[in-house]
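J.: next come a sequence and a model predicted from it.
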Amino acid sequence: MRVVVMIVAILGVKFYMDEKKMNEEMIKLVYSDEAKQVFEKRLTNLDAKAFTKEGIIQSYEIDEGSIKPNPMGGIEVRLIINNNSDLYASYTMSRNNGVLGGGGAIISKELARQTEVKG
């Protein structure tokens, strides 16, 4: 019985450590300069004047609580636009042929409305 408990405990610790390492790697990737370039390119595709006085999108921040693995591969992440939780863009980040890309996107209804008006 003790052996079974020890094996379960060891497997539990290993699973926890593997998951912690994976989470750290995902966070490191999402906050990388490479990801920043992808985010800013995707946001300027959405709002051609993003990050300028005339643009709707002035700033973004990564919603760290949204970072998680996508079951189909890649990393899901949500960007909060202009410090307004009603304005967000969510992306599935993944590497294709060694290049990081933004993959699928979900744009909040309010952000889509505002960028269509201006865009």
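T.: Happy to help now that I have it. Numbering: from 1, shown residues only.

J.: mind listing the helices for the protein?
T.: For the chain, the helices defined by DSSP state H cover 2-30, 33-46, 109-118.

J.: who does the residue nearest to the spatial centre of the chain bridge with?
T.: Centroid-nearest residue in the chain: V77, 1.9 Å away (criterion: C-alpha atoms, centre = their mean). V77 has the following beta-bridge partners by DSSP bridges: Y91.

J.: I figured it hits M93, correct?
T.: Yes. At 6.1 Å, V77 and M93 qualify as touching, with contact defined as C-beta atoms under 8 Å. Just so you know, the C-beta spots here come from the backbone N, C-alpha and C atoms, and that holds for glycine as well.

J.: tell me the contacts of M22?
T.: Counting by C-beta atoms under 8 Å, 6 or more residues apart in numbering, M22 touches P69.

J.: whoops, I mixed them up, G73
T.: Residues in contact with G73, defined by C-beta under 8 Å, 6+ apart, are S94.

J.: not counting residues beside it along the chain, what's closest to Q58?
T.: Nearest residue to Q58 in three dimensions, chain neighbours excluded: N82, at 5.3 Å (C-beta to C-beta, 6 or more residues apart in numbering).

J.: neighbours of that neighbour, how many?
T.: Counted with other C-beta atoms under 10 Å, residues neighbouring N82 total 15.
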